[in-house]
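**Q** attaching a predicted model along with its sequence, questions to come.
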Amino acid sequence: MLPVLLAVAFIAVLFIIVFAGQPDEFKVTRSTKVNGRPEIIFPHVNDFHKWEAWSPWAKMDPSCKNSIAGPSAGAGAIFSWAGNRKVGEGRMTILESQATEYIRLKLEFIKPFPATNTAEFSFQSKAGQTVLTWTMSGRNNLMGKAFGLFVNCEKMVGGDFEKGLAAIKSVAESSNRA
């Protein structure tokens with residue numbers, strides 16, 4: 001009986017050490033180059049009404065319940081969603097919007113577990129193209145640290161960002177040709 005208790009205690013201590021070693025903060029960043037000026041790309045991100053055309057999460061749950069409140073675009077615009085297990089439930093609020101340069105959002109996740117993070121989009125003009133960068137950062141709460149033990153969140157969220165950036169690129173370049 002004692003060897004079993006010692007083994008369980010050892011595993012518990014090992015788990016706590018690994019758990020405590022998880023970072024307190026995280027940051028996920030992805031970028032792409034889009035043909036066209038920032039003026040063409042910026043409205044696709046700044047206006048929540050346009051997100052369905054490129055959001056990787058819209059494709060994960062086409063029956064997700066979405067609502068938009070506040071201004072139609074820019075600072076103060078609010079996007080709320082409630083969907084399946086893959087997209088969860090939450091709200092985004094545009095906190096800052098500097099035309100053709102930068103958008104900062106507050107992300108509030110309700111389900112599958114509560115968290116508040118920051119997302120940022122930057123638009124940098126470079127030789128007739130725009131370097132579009134999407135970043136999400138925040139603190140790893142208890143659930144985030146536990147989840148991080150089993151899932152590579154950087155890779156998972158980064159993959160979604162890559163899909164979203166590819167879709168923004170496609171949508172913006174198509175509208176640029178029109």
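**A** Perfect, I can see it now.
**Q** would you verify that residue 67 is located in a strand?
**A** Yes - the assignment for residue 67 is a strand, going by DSSP: H, G, I helix; E, B strand; the rest coil.
**Q** show me what it is bridged to.
**A** Taking DSSP bridges, one finds residue 80 as the beta-bridge partners of residue 67.
**Q** ok, it - contacts?
**A** 79-81 (C-beta atoms under 8 Å, 6 or more residues apart in numbering). All C-beta atoms are positioned from the backbone trio N, CA, C, and that covers glycine.
**Q** what separates it from residue 96, distance-wise?
**A** Distance, residue 67 to residue 96, using C-beta to C-beta, to the nearest Å: 22 Å.
**Q** so which residue is dead centre in the protein?
**A** residue 136 (5.4 Å; C-alpha atoms, centre = their mean).
**Q** beta partners for residue 116?
**A** With DSSP bridges as the rule, residue 116 is bridged to residue 108.
**Q** burial measure for it, as a count.
**A** The number of residues packed near residue 116 is 13, by other C-beta atoms under 10 Å.
**Q** and it, how far from residue 34?
**A** If you go by C-beta to C-beta, the gap between residue 116 and residue 34 works out to 29 Å.
**Q** residues in contact with the longest helix along the chain?
**A** The residue-count maximum for a helix in the chain (DSSP state H) belongs to helix 153-177. Residues from elsewhere that reach helix 153-177 (C-beta under 8 Å, 6+ apart): 26, 28, 30-36, 40-41, 44-45, 50, 53-57, 132, 134, 136, 144, 147.
**Q** kindly recompute the last result at 6 Å.
**A** 28, 30, 32, 34-36, 40-41, 44, 53-54, 56, 134 (C-beta atoms under 6 Å, 6 or more residues apart in numbering).
**Q** for these, which single residue is the most surrounded?
**A** Per-residue neighbour counts (other C-beta under 10 Å) across those peak at residue 41, which has 25 neighbours.
**Q** how about it: what's its closest non-neighbour residue?
**A** residue 172 (4.5 Å; C-beta to C-beta, 6 or more residues apart in numbering).
**Q** now for the one you found, how many residues are close by?
**A** Residue 172 has 25 neighbours, counted by other C-beta under 10 Å.
**Q** got it, and residue 4?
**A** 8.
**Q** in this protein, which helix or strand is least confident?
**A** Within the chain, no helix or strand scores below helix 142-150, which has a mean of 63 by mean pLDDT, DSSP states H and E.
**Q** how about the strands in the protein?
**A** Along the chain, the segments classed as strands by DSSP state E run 25-35, 65-69, 78-82, 89-98, 102-111, 115-126, 129-139.
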